[in-house]
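S.K.: Please work out how this folds:
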Amino acid sequence: MRTMSSGEDRGLEGVPIGFLMTAIQQLVAFFAFCIFLAFGRLVGSPYEVKKLTSTRERVAVLCFSAAFALNIGLNNFSQTMLSLSVNLIIRSCLPLSTAVAELALGSLSKWPALTGLQWALMLAGVLGTVCVSCVKSAAQDADSSEFSLLGLFCAVLSICAGALNMVLAGILGSSVKLNPLDSTFYMAVPAGLIMILFSFVEHPVHSWQDFPALTDWAIVQEVMSRYRWAMLPVVISGVFAFVYNCLQYTLVQELSATHAAFAGSFNMAATIAFSLCLGYEEIPDGWHGHLFLLAIAGNIAAFTAFNVLRSSGT
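M.R.: Numbering: from 1, shown residues only. Reported below is the predicted structural model:
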């Protein structure tokens with residue numbers, strides 16, 4: 001959504017509606033699943049969703065939905081204010097926050113504790129994140145750096161919510177006995193409604209120059225007035241988001257929350273490389289650029305080494 005044109009006469013790019021985008025994706029996912037259920041009944045192979053039979057199960061699903069909404073919503077919101085590389089590097093620290101959440105909820109999770117070397121590798125990855133963020137901020141002007149502080153805060157908060165979301169996904173599978181498909185279905189509507197509330201809050205529109213602070217709804221109206229099909233990719237992405245969530249929660253329940261968090265590391269590294277090659281990102285000049293690349297490589301290397309140790313049981 002960062003590169004999709006939303007207005008030709010003023011050169012607007014992207015649809016910076018982080019919260020509303022998440023709401024649309026979840027509601028589309030819900031209706032897509034309802035179509036799947038209806039189709040199953042028509043062909044004589046109905047799928048039965050596990051019913052929530054207790055208040056405890058319903059509360060667990062609501063907490064899971066809220067964590068997911070904050071994770072994805074804040075991440076999408078931060079992408080409108082941060083460069084792609086900084087956002088992805090911060091997201092690559094999700095395994096660290098996930099490990100902390102697992103440690104805090106150790107009595108509820110079934111996964112083994114981390115070793116000292118594994119903690120050291122994760123801390124090294126966080127140091128790489130700090131270096132990348134500082135280098136990118138130093139390469140910007142004062143106003144841009146000040147503005148991006150909100151983006152940095154939202155990105156960090158999103159990985160905290162993401163960690164809780166991952167751990168709760170495992171708990172739903174082991175305690176509530178919800179499979180990934182049912183978990184994704186039950187969280188769709190609550191998460192969507194939570195994000196709709198946030199979409200009424202005004203926020204700066206960093207990617208649109210000379211525009212005041214707007215709500216997500218005002219941005220959609222502006223976009224639709226210029227190009228009525230601009231929201232179609234957002235709607236279609238809801239189906240892909242549903243499939244992705246099912247696959248992610250399958251990894252959580254089959255392996256562990258930390259392993260699932262690491263599954264996206266190679267995707268993040270590839271995205272950074274593509275963004276640099278395609279010109280969506282620029283390497284800072286001078287020694288800043290060398291430090292920037294070194295920090296990216298160190299971050300990915302540290303988390304990759306952690307993943308190898310975790311998989312081997314070391």
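
S.K.: Quick check, central residue of the chain?
M.R.: Centroid check for the chain by CA atoms, centre = their mean gives Ile72 as the closest residue, at 4.2 Å.

S.K.: If I look at that one, what pLDDT would I see?
M.R.: Per-residue pLDDT puts Ile72 at 85.

S.K.: And what about it, helix, strand or coil?
M.R.: Under DSSP: H, G, I helix; E, B strand; the rest coil, Ile72 falls in the helix class.

S.K.: Just list the residues touching it, thanks.
M.R.: Taking CB atoms under 8 Å, 6 or more residues apart in numbering, we find Ile72 in contact with Thr22, Gln25, Ser158, Ala191. No exception for glycine: its C-beta is placed from N, CA and C like everyone else's.

S.K.: let's go with 6 Å and repeat that
M.R.: Neighbouring residues of Ile72 by CB atoms under 6 Å, 6 or more residues apart in numbering: Thr22.

S.K.: Tell me how far it lies from Ser237.
M.R.: Remark: distance between Ile72 and Ser237 (CB to CB, to the nearest Å) = 11 Å.

S.K.: Equivalent analysis for Ala161, please.
M.R.: For Ala161 relative to Ser237 (CB to CB), the value is 20 Å.

S.K.: neighbour count winner among those two?
M.R.: Between Ala161 and Ser237, counted using other CB atoms under 10 Å, the more crowded position is Ala161 (21 against 17).

S.K.: And for that one, nearest residue in space, chain neighbours not counted?
M.R.: Spatially, and ignoring its direct neighbours in sequence, Ala161 is nearest to Leu70 (3.7 Å; CB to CB, 6 or more residues apart in numbering).

S.K.: Near the one you found, how many residues? Count them for me, please.
M.R.: Neighbours of Leu70 (other CB under 10 Å): 23.

S.K.: for Leu157, same thing?
M.R.: 16.

S.K.: Could you list the low-confidence segments of the stretch 151-300 of the chain?
M.R.: 206-207, 258-259, 262-273, 281 (pLDDT under 70).

S.K.: For it, which segments are assigned as helices?
M.R.: 180-198, 216-226, 232-254, 257-262, 265-277, 286-312 (DSSP state H, counting those that start in this stretch).

S.K.: In the second one, which residues are buried?
M.R.: If I follow you right, that is helix 216-226. Asp216, Ala218, Ile219, Val220, Glu222, Val223 (16 or more other CB atoms under 10 Å).

S.K.: Relative to Gly18, how far out is Asn71?
M.R.: For Asn71, the distance to Gly18 equals 12 Å [CB to CB].

S.K.: same check, this time on Gly44
M.R.: According to CB to CB, Gly44 stands 42 Å off from Gly18.

S.K.: neighbour-wise, which of the two wins?
M.R.: Neighbours were counted for Gly44 and for Gly18 using other CB under 10 Å; Gly18 has more, 25 against 6.

S.K.: Do I have it right that that one meets Ser78?
M.R.: No - using CB atoms under 6 Å, Gly18 makes no contact with Ser78, being 7.3 Å away.

S.K.: Tell me which of the helices of the stretch 151-300 of the chain sits most buried.
M.R.: Ranked by mean neighbour count under mean count of other CB atoms under 10 Å, the helices of the stretch 151-300 of the chain are led by helix 257-262, which reaches a mean of 25.

S.K.: what about the residue of the chain most remote from its centre, which SS state?
M.R.: Largest separation from the mean C-alpha position in the chain: Gly44, at 36.6 Å (CA atoms, centre = their mean). Here Gly44 is coil, with the state taken from three-state DSSP.

S.K.: which residues touch it?
M.R.: Gly44 makes contact with no residue under the criterion CB under 6 Å, 6+ apart.

S.K.: likewise Asn245?
M.R.: Thr184.

S.K.: What separation do you get for it and Gln26?
M.R.: Distance, Asn245 to Gln26, using CB to CB: 9 Å.

S.K.: How about Ile35?
M.R.: Distance from Ile35 to Gln26, by CB to CB: 15 Å.

S.K.: of these two, who's got more company?
M.R.: The neighbour count for Ile35 versus Gln26, taken as other CB under 10 Å, is higher for Gln26 (29 against 10).

S.K.: can you tell me which residues contact the residue nearest to the more buried one when sequence neighbours are not counted?
M.R.: In this structure, Gln26 finds its nearest non-sequential neighbour in Gly192, 3.7 Å apart by CB to CB, 6+ apart. By CB under 6 Å, 6+ apart, the contact list for Gly192 reads Ala23, Gln26, Leu27.

S.K.: Who are the contact partners of the last one?
M.R.: It stands for Leu27. Per CB under 6 Å, 6+ apart, neighbours of Leu27: Gly192.
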